[in-house]
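Engineer: Pasted the sequence and its predicted model underneath.
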Amino acid sequence: MNRSRVSFSLSVLVFSRCALVVAMIGSGTASAQDGPSVRFSGFGTIGVAHSSEKDADFTSVGDQPTGAGHTRSWDFDPDSKLAAQVDVVASEQLSATAQLMTRQRYDDSYRPELMMAFGKWQFAPEYALRVGRMPLPVFLISDSRTVGFSQTQIRPPVDMYNAFSVYHYDGADLTWTTNFGGIALKSQVYAGTTKTRLPGDETLKLTPLAGANVTMETGDLTLRASYIRGKASASSPAINGAFQGIRYGFPPGALFPGSPEIPGDPALADQYGVTNKTISYSSIGLNYDPGRWFVTSELGAVSAVGVSAHQTLGYVTAGMRIGSFTPYATVSTFKDKIAGSTTNNPVVDALRTNSAACSQKTLGVGLRWDAMKNLAFKTQFDHIRPDDGSTGLLINTQDSYRPGSVYNIFSASADFVF
């Protein structure tokens, strides 16, 4: 049996036992009149994806090491997950939340990950302070990004959400909610730090980070604007080796047989290396949902850092509810632009070019069926078109892969909450 399958099975067993214990504790605690109330809940997705591209892998998020396509024609890893959450309410002012989730991680394991662990102080009706580990609030659905049941689609649009593989941060936030007539406003400021592990033994840090967002709701319309800024550092054996060569130089034949000597350039290494460099992400989102139909859209922009390209991304999703069925369609795009100008160093220029070879467009259609109150089945078809010469967001590209090749993804899932 595949190692990830074994890990996933063990995680399911662990979570089922934890669920029983926590549920018993919660039941006993909730019955006490003078003690805190405890609520146990959870969610999960059993999903499978198939790719028509056999020379590369499709993934749903950027920290997955394998996916559907080359590694496995039909793969459960891109979308499958299981999570358990405990909410403790000590008083009207004090509460706490903790959440564990198991999914495919950067090292191809299903080790449970602490997604949330924070305390909340509602020190005034309009103001709340949270401290601990919280979802990084950069998207329209950041708080429910991993909860497949809460979303119409099988997964958030990859062209938009793959750009930010960071799920959570450790720090504090302050929220202010108010109403002006028929308009509800929620403003949030936050600060902290985050560290994410990626395939290839790569580590991405945002230390420190700070951000703000504003959400406005009026009737069936929700609008949101968000901004985050931080100091980014990326490290891996491949990245460190490349920039050590840029800094100190490459001897003849180091890059390929017969390659010329490349002198070292410490200034160029400092300029394009991703070490303590300022990065920012800004986005706007819209959701209009009168009930029978809905439309959701987000647009975002990531600033260039070192050799990394400047990115613009966005999507529009529309659907119609017909009884327990919801057909939907999505159009999305991910666009890269090379950062900086051409240098005299072929290694730096190659890194810059490769960073900007990820542009693609996606057209997706799907159907959601709410079979039960807490269970939904979905099918989805995505037609993905990388730009000419681009690999798009595919990983594990093989020597036989042709950049710019169009491919299709078929997915099916069962999403549930408990």
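Structural biologist: Thanks, I have it.
Engineer: The residue most central in space within the chain: what's it in contact with?
Structural biologist: Nearest residue to the geometric centre of the chain (C-alpha atoms, centre = their mean): residue 165, 4.1 Å. Contact analysis of residue 165 by C-beta atoms under 8 Å, 6 or more residues apart in numbering lists 61-63, 196, 198, 204. Yep, even glycine has a C-beta here, placed from its N, CA and C like the rest.
Engineer: Which members of those define the maximum pairwise distance?
Structural biologist: Within the contacts of residue 165, 61 and 204 form the most distant pair, 13.1 Å apart (C-beta to C-beta).
Engineer: What is the neighbour count of residue 344?
Structural biologist: A total of 10 residues lie near residue 344 under the criterion other C-beta atoms under 10 Å.
Engineer: before we move on, back to that, kindly reformat the contacts of residue 165 as a markdown table containing pLDDT and secondary structure.
Structural biologist: Formatted as a markdown table, those follow (pLDDT from 0 to 100; DSSP: H, G, I helix; E, B strand; the rest coil):
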| residue | pLDDT | secondary structure |
| --- | --- | --- |
| 61 | 92 | coil |
| 62 | 90 | coil |
| 63 | 93 | coil |
| 196 | 94 | strand |
| 198 | 93 | strand |
| 204 | 93 | strand |
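Engineer: just the buried members of those?
Structural biologist: 61-63, 196, 198, 204 (16 or more other C-beta atoms under 10 Å).
Engineer: Out of these, which is nearest to residue 114?
Structural biologist: Ranked by distance to residue 114 (C-beta to C-beta), the buried ones among the contacts of residue 165 are led by residue 196 at 13.4 Å.
Engineer: counting contacts, what elements does whichever strand or helix holds residue 239 pack onto?
Structural biologist: Using DSSP states H and E, the element containing residue 239 is helix 237-248. In terms of contacts (3 or more C-beta pairs under 8 Å, 6 or more residues apart in numbering; DSSP states H and E), helix 237-248 is packed against helix 266-272, helix 346-355.
Engineer: Quick one: residues in contact with that helix.
Structural biologist: Here helix 237-248 makes contact (C-beta under 8 Å, 6+ apart) with 200-202, 254, 262, 264-266, 268-269, 272-274, 345, 347-348, 351.
Engineer: can you give me the angle that helix makes with helix 346-355?
Structural biologist: Calculated by axes from the mean of the first three to the mean of the last three C-alpha atoms, to 10 degrees, helix 237-248 forms an angle of 140 degrees with helix 346-355.
Engineer: C-terminal to helix 237-248, what's the next element?
Structural biologist: Counting by DSSP H and E, what follows helix 237-248 is strand 249-250.
Engineer: ok now do residue 90, which residues does it touch?
Structural biologist: Counting by C-beta under 8 Å, 6+ apart, residue 90 has contacts 36, 96.
Engineer: Quick check: the gap between residue 122 and residue 174.
Structural biologist: 12 Å (C-beta to C-beta, to the nearest Å).
Engineer: let me fix that: residue 65
Structural biologist: For residue 65, the distance to residue 174 - C-beta to C-beta - is 37 Å.
Engineer: wait, isn't residue 135 in contact with residue 116?
Structural biologist: Yes: counting by C-beta atoms under 8 Å, residue 135 touches residue 116, with 6.8 Å between them.
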